[in-house]
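Enquirer: need the 3D shape of this:
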Amino acid sequence: MGFFSIFSKEKKEELNKGLEKSKESFFAKLAKTVMGKSKVDDEVLDHLEEVLVTSDVGVETTLKIIERIENRVSRDKYLGTGQLNAILREEISGLLMENNREELSDFEIPKLGRPYVMMVVGVNGAGKTTTIGKLAYQFKKKGYSVMLGAADTFRAAAVDQLEVWAQRADVPIVVQNMGADPAAVAYDTVKSAIAKNCDIVIIDTAGRLHNKANLMRELTKIKNVTSKLLPDTPDEVLLVLDGSTGQNAIEQARQFTAATEVNALAITKLDGTAKGGVVIGISDQFQIPVKYIGVGEKIDQLQVFDRREFVDSFFPEEEN
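Expert: The predicted model follows:
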């Protein structure tokens, strides 16, 4: 599926609206940086560094961007401040390109001849259960058969919430009693999905970080039981991060990537924050593709992440 088929006009407008607060905050700071300046010099770069860090791009990624711009200043000798937006756009787009090399088609999965198994991880409150519900809705809309597994058995609210989302998306769900072994729930979910010839299995997991050793053991057990039924699964370990928490989301990513083999990211709640720059930092620092972004509360307001559309929406129209 091609690039233009993914983004309808409505989706583009939704993304623009979702990034509006981040964009306004970033460019208000940037305008102050270049005020009264005609060329990009050391002072402008120092202020730009501060703008990027305070926009939650992260220190490591900020230094990388600044270094790239310094190289361009050195090479081109003179860069006017009027060119700064275009340069930033190119360098940020380049970073996202490096870390999201594969274009993802619109909510599509590989044809495997068996259920595609997704294990979803993330702290409580990050939007993990909501993201699972939205994914189930989008996949079903694409014609896939989906089954959910409520393996966060430590919180009754998590199971109840997932059941509500299963009803909204009109997909089956496997639920056990409170306190049941999460790995047993995962096992029953995958077994049921195989029996019913489902296309996709999405397993919710407990969102606890206070004891990383226990978390690691629990996630490892879930992975082990799915692989007993279907070798080399889960196919995807999706980490859900709350974009509105800024640098805290980066810390969560650090802890979860240490606890399990995360291979995809979903960043939620971008519509309610001015911290959209965190998408750039997380993508760069962890070298894990950002696969989905949440830009609203409605069931259909989860988008496949496309770096070019993200950059286009983040930068002013006149720079297009």
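
Enquirer: show me what counts as buried in stretch 41-54.
Expert: By 16 or more other C-beta atoms under 10 Å, the buried positions in stretch 41-54 come out as V44, L45, H47, L48, E49, V51, L52, V53, T54. The C-beta positions use only the backbone N, C-alpha and C, and glycine is treated the same way.

Enquirer: wait, what's in contact with the fourth one?
Expert: Residues near L48 by C-beta atoms under 8 Å, 6 or more residues apart in numbering: L30, T33, I66, I69, L84.

Enquirer: quick one: which two of those residues are the most distant?
Expert: Greatest spacing in the contacts of L48, by C-beta to C-beta: L30 and I66 (13.6 Å).

Enquirer: so where is the stretch 1-150 of the chain shaky, pLDDT-wise?
Expert: Applying pLDDT under 70 to the stretch 1-150 of the chain flags the ranges 1-7, 77-78, 81, 99-105.

Enquirer: so where do the helices sit in the stretch 101-250 of the chain?
Expert: 128-141, 156-169, 182-195, 212-229, 247-259 (DSSP state H, counting those that start in this stretch).

Enquirer: what's in contact with the helix or strand that the last one is followed by?
Expert: Using DSSP states H and E, the next helix or strand after helix 247-259 towards the C-terminus is strand 264-268. Residues outside strand 264-268 that contact it (C-beta under 8 Å, 6+ apart) are 126-127, 130-131, 236-243, 249, 253, 278-279, 282-283, 286, 288-294, 302, 305.

Enquirer: repeat the analysis, applying 7 Å as the threshold.
Expert: The contact list for strand 264-268, computed with C-beta atoms under 7 Å, 6 or more residues apart in numbering, reads 126-127, 131, 236, 238-243, 279, 282, 288-294.

Enquirer: and that strand, average pLDDT?
Expert: Averaging pLDDT along strand 264-268 yields 93.

Enquirer: what residues are up against I288?
Expert: Counting by C-beta under 7 Å, 6+ apart, I288 touches V262, N263, A264, L265.

Enquirer: now do 8 Å
Expert: Contacts of I288 were listed using C-beta under 8 Å, 6+ apart, and they are N99, L239, A253, T257, V262, N263, A264, L265, I282.

Enquirer: just tell me which of the helices of the stretch 101-250 of the chain ends up closest to E90.
Expert: helix 247-259 (23.7 Å).

Enquirer: by neighbour count, which of the contacts of I288 wins?
Expert: Among the contacts of I288, the one with the most neighbours (other C-beta atoms under 10 Å) is L239, at 29 neighbours.

Enquirer: ok, the residue lying closest to it once chain neighbours are set aside to E218 distance?
Expert: Once flanking residues are discounted, L239 sits nearest to V262: 4.5 Å by C-beta to C-beta, 6 or more residues apart in numbering. V262 sits 15 Å away from E218, going by C-beta to C-beta, to the nearest Å.

Enquirer: so can I have TSV of the contacts of I288 showing distance to W165?
Expert: Formatted as TSV, the contacts of I288 follow (distance: C-beta to C-beta, whole Å):
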residue	distance to W165
N99	29
L239	19
A253	24
T257	26
V262	22
N263	23
A264	19
L265	20
I282	25
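
Enquirer: pick the one among the residues you listed closest to V171.
Expert: If you rank those by distance to V171 using C-beta to C-beta, A264 comes first, at 20.0 Å.

Enquirer: if we ignore the residues flanking it in sequence, what's nearest the closest one?
Expert: Spatial nearest neighbour of A264, chain neighbours left out: K291 (4.3 Å); criterion: C-beta to C-beta, 6+ apart.

Enquirer: show me what the host helix or strand of that neighbour packs onto, helices and strands only.
Expert: Using DSSP H and E, K291 sits within strand 290-294. Applying 3 or more C-beta pairs under 8 Å, 6 or more residues apart in numbering; DSSP states H and E, one finds that strand 290-294 contacts helix 128-141, strand 264-268, helix 278-286, strand 302-304.

Enquirer: kindly recompute the last result at 6 Å.
Expert: With contacts defined as 3 or more C-beta pairs under 6 Å, 6 or more residues apart in numbering; DSSP states H and E, the packing partners of strand 290-294 are strand 264-268, strand 302-304.
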